[in-house]
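K.L.:
after the sequence you'll find the predicted model.
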Amino acid sequence: EFVLPSTLKTIFNGAFENTRMERINFPDGLERICQAAFQGSGELHEAILPNSCQEIELGAFSMCDSLKNLRLPEGLKVIPHLLVSYSNALDSIHIPSSVKEIGACAFSMCTKLRKVNFPEGLERIESEAFDYCNLDSVILPSTITEIGSGCFIGGVRGDVFINRSAPPTCIHPRLPFTTF
């Protein structure tokens, strides 16, 4: 386990890119993880982010093939583009209730991803955010207003439900919705 100093506030671009650590201890007080900070760290199994971390940038944990457990901080508003794309061990993700937007390709090609909660308050899911995952089914909250093109393409084994009477703006014409 790699222990970061308790005074650390920011992990900069590519700081741990392609490293071989299995676990990392993120300190309380960490505020920001920059672009591709852990990209390609193929042996990283777990990332438990403290609630103080309110900014995560593009591709922070992309291509982490062994990442099975990622805990996103409560209070996080935006899940960035390519957050854990191509991370093939991730099988479920809890999206904090504070999240309003999921960036493009955030979970793209996470081929073992089967379970995702979509909390009330979530408003936007950008293009290809969950493409080529393996989701059992999807239940979107009534607060969703925009879904990007190809958001779930090749990524849902079951149905996509939305908890509202009228579907949100959706650019991809082939995405099947069932409303209730």
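P.N.:
That came through, no problem.

K.L.:
check which helix or strand the spatially closest residue to residue 150 that is not a sequence neighbour maps to.
P.N.:
The spatial neighbour of residue 150 that comes closest, neighbours along the chain excluded (C-beta to C-beta, 6 or more residues apart in numbering), is residue 128 at 4.6 Å. Bear in mind the C-beta positions are built from the backbone N, C-alpha and C, glycine included. Mapping residue 128 onto the secondary structure by DSSP states H and E places it in no helix or strand at all.

K.L.:
show me what contacts residue 128?
P.N.:
104-105, 108, 148-151, 153 (C-beta atoms under 8 Å, 6 or more residues apart in numbering).

K.L.:
and which of these is nearest residue 83?
P.N.:
Taking C-beta to C-beta as the measure, residue 105 is the one of the contacts of residue 128 closest to residue 83, at 8.5 Å.

K.L.:
okay, now residue 133: neighbour count?
P.N.:
25 (other C-beta atoms under 10 Å).

K.L.:
before we move on, what about residue 9?
P.N.:
Using other C-beta under 10 Å, residue 9 has 11 neighbouring residues.

K.L.:
pLDDT score for the closest residue to it other than its chain neighbours?
P.N.:
Once its chain neighbours are removed from consideration, residue 9 has its nearest residue in residue 31; the separation is 4.9 Å (C-beta to C-beta, 6+ apart). In the predicted model, residue 31 carries a pLDDT score of 98.

K.L.:
then residue 137?
P.N.:
According to the model's per-residue confidence, residue 137 sits at a pLDDT of 89.

K.L.:
tell me who's in contact with the residue nearest to it when sequence neighbours are not counted.
P.N.:
The shortest distance from residue 137 to any residue other than its chain neighbours is 3.3 Å, reached at residue 158 (C-beta to C-beta, 6+ apart). Contacts of residue 158 were listed using C-beta under 8 Å, 6+ apart, and they are 135-138.

K.L.:
check residue 13 too.
P.N.:
Shown here is residue 13, whose contacts under the criterion C-beta under 8 Å, 6+ apart are 34-37, 57.

K.L.:
do that again at 10 Å, thanks
P.N.:
Residue 13 makes contact with 33-37, 39, 57-60, according to C-beta atoms under 10 Å, 6 or more residues apart in numbering.

K.L.:
pull the number of nearby residues for the residue lying closest to residue 75 once chain neighbours are set aside.
P.N.:
Beyond its immediate neighbours in the sequence, the residue positioned closest to residue 75 (C-beta to C-beta, 6+ apart) is residue 98, lying 5.1 Å away. Residue 98 is flanked by 17 other residues according to other C-beta under 10 Å.
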